[in-house]
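Colleague: A structural model of the following input is requested.
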Amino acid sequence: MQLNFIRLLLATLITFTSLSACATKPSAKPDIYHDFIEKMVSEHQFDRDELSALLNKAVVKESILKAMSSPAERRLEWHSYRRIFLKPNRINGGIKFWAENKALLDAASKKYGVPAEIIVAIIGVETRYGGNTGSYKVLDSLTTLGFHFPKRAKFFKSELEHFLLLCREEGFDPYEPKGSYAGAMGKSQFISSSYRAYAVDGDGDNKRDLWNSHADIINSVAHYFAKHGWKNSTLVTQQTTVKGDTHKSLLSRSLKPKNTLKQLAQKQVKTPADIPDDTIVKLLKLNQKDHSEYWLTFHNFYVITRYNHSHLYAMAVYQLGQEIKKGFLESNK
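Modeller: From the prediction side, this is the model:
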């Protein structure tokens, strides 16, 4: 009888343990793409199963998260950032690109009012004239950042939506396009929303190819700047000098010009005599190794920052463009 009791007790314990294990067993991992997929199905008529299969092929990459957390524009001073882009090989590459695409650049510049040197410099800064258009699958970049980078998840989910729509519109296989860690594509490095909104068919083949068609690439960059308010003016930025400390109240992180030249002059900032006093500008301070530089930045400088929201980026584009223009004109004397 005692033996039967022990057997019953053991059976009870085994049953209880089994039930407890079932009760505490973790549930299946929730589908992080569920809400996004439902949105794409209901708003854009995507096939639920096909989209689910596609997104589940995406690979989350730690290298993307690391790069997004520490972009060069945030961690470098001007003297270090400048050295990346103002190199002889990048300048010479721009001169060569200009020479090879002069007719396209002349036509785009005339149509959109954007100087050729700015168009060339953008392509040079972004991808070294197509030498490095990015090695990450755009699908991997946008899913990694959209679902695993909370700080900017909303933005990158929106870009993923645009990317899938772009692929459908342009006939791309969404698993094929490659770009930067942030999902920028082609020689001009357009993100998906910009590709859809500003890319143009420059060669008339009914495609917008920002990887291979220089006509599409050049016209798309010029169109982007025109749509963001580029003014047909030589005013972009000028170096200046300051006295005393009163100018410090004019310095801010804002990229948009907000003060007049007259206001800057009142704060002991040297202003050009040939530009009206009511011209809106921003005072920009850039750090060299052993001193600071001061620059007046005008509306067109701000337009360059619409491509990449960084004053370092805009200054690199401007100065690279000036060096390319100088070299191109000298080579064509």
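
Colleague: now the strands for the protein?
Modeller: For the chain, the strands defined by DSSP state E occupy 136-137, 178-179, 237-240, 259-260, 280-287, 292-297.

Colleague: Of those strands, which is nearest residue 323?
Modeller: Residue 323 lies closest to strand 237-240 among the strands of the chain, at 14.3 Å (C-beta to C-beta). Where you see a C-beta, it was placed from the backbone N, CA and C, and this is true even at glycine.

Colleague: and that closest one, which residues are buried?
Modeller: 237, 238, 240 (16 or more other C-beta atoms under 10 Å).

Colleague: for those residues, which one is nearest residue 269?
Modeller: Residue 269 has its nearest neighbour among those in residue 240, at 6.0 Å by C-beta to C-beta.

Colleague: got the residue ranges for the helices in the stretch 101-250 of the chain?
Modeller: Remark: helices assigned in the stretch 101-250 of the chain by DSSP state H, counting those that start in this stretch are 102-112, 116-127, 138-148, 153-170, 192-198, 214-227.

Colleague: want to throw these into JSON lines with mean pLDDT and mean neighbour count?
Modeller: Shown next, in JSON lines, are the helices of the stretch 101-250 of the chain (pLDDT from 0 to 100; neighbours: other C-beta atoms under 10 Å):
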{"stretch": "helix 102-112", "mean pLDDT": "98", "mean neighbour count": "17"}
{"stretch": "helix 116-127", "mean pLDDT": "98", "mean neighbour count": "25"}
{"stretch": "helix 138-148", "mean pLDDT": "98", "mean neighbour count": "24"}
{"stretch": "helix 153-170", "mean pLDDT": "98", "mean neighbour count": "18"}
{"stretch": "helix 192-198", "mean pLDDT": "98", "mean neighbour count": "19"}
{"stretch": "helix 214-227", "mean pLDDT": "98", "mean neighbour count": "24"}
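
Colleague: With distance to residue 60 as extra columns, can I get the ones you listed in a markdown table?
Modeller: Conversion of the helices of the stretch 101-250 of the chain to a markdown table gives the following (distance: least, C-beta to C-beta, whole Å):
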| stretch | distance to residue 60 |
| --- | --- |
| helix 102-112 | 39 |
| helix 116-127 | 25 |
| helix 138-148 | 5 |
| helix 153-170 | 13 |
| helix 192-198 | 19 |
| helix 214-227 | 30 |
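
Colleague: Of those helices, which is nearest residue 271?
Modeller: Of these, nearest to residue 271 by C-beta to C-beta is helix 116-127, at 24.0 Å.

Colleague: that older thread, turn the strands of the chain into CSV, including mean pLDDT and distance to residue 170.
Modeller: Shown next, in CSV, are those (pLDDT from 0 to 100; distance: least, C-beta to C-beta, whole Å):
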stretch, mean pLDDT, distance to residue 170
strand 136-137, 98, 16
strand 178-179, 98, 14
strand 237-240, 98, 36
strand 259-260, 98, 43
strand 280-287, 97, 38
strand 292-297, 98, 36
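
Colleague: Show me the one of those strands that comes nearest residue 127.
Modeller: strand 178-179 (9.8 Å).

Colleague: contacts for the closest one?
Modeller: Contact with strand 178-179 is made by 133, 134, 135, 136, 137, 138, 141, 185, 186, 189, as judged by C-beta atoms under 8 Å, 6 or more residues apart in numbering.

Colleague: what do you get for stretch 100-113?
Modeller: With C-beta under 8 Å, 6+ apart, stretch 100-113 has contacts from 98, 114-116, 119-120, 202, 214-215, 218-219, 221-223, 225-226, 230-232.

Colleague: Equivalent analysis for stretch 267-274, please.
Modeller: With C-beta under 8 Å, 6+ apart, stretch 267-274 has contacts from 238, 240-244, 246-247, 249-250, 261-262, 264-265, 277, 283, 294, 296.

Colleague: What distance do you get for residue 327 to residue 314?
Modeller: Separation of residue 327 from residue 314 (C-beta to C-beta, to the nearest Å): 21 Å.

Colleague: So which of the two has more stuff around it?
Modeller: A side-by-side neighbour count of residue 327 and residue 314, using other C-beta atoms under 10 Å, places residue 314 first with 25 against 17.

Colleague: if we can go back for a sec, and which of the buried residues of strand 237-240 is nearest to residue 319?
Modeller: Nearest to residue 319 out of the buried residues of strand 237-240 is residue 237 (C-beta to C-beta; 9.0 Å).

Colleague: Just list whatever residues bridge to that closest one.
Modeller: Residues in a beta bridge with residue 237, per DSSP bridges, are residue 297.

Colleague: residues contacting it?
Modeller: Counting by C-beta under 8 Å, 6+ apart, residue 237 has contacts 284, 295, 296, 297, 298, 301, 315, 318.

Colleague: Ok, residue 207 next?
Modeller: Contacts of residue 207 (C-beta under 8 Å, 6+ apart): 170, 201, 213, 216.

Colleague: Could you give the number of residues near the third one?
Modeller: The tally of other residues near residue 213 (other C-beta under 10 Å) stands at 20.

Colleague: and residue 220, what does it touch?
Modeller: Taking C-beta under 8 Å, 6+ apart as the criterion, residue 220 is in contact with 188, 190, 198, 199, 200, 202, 208, 210.
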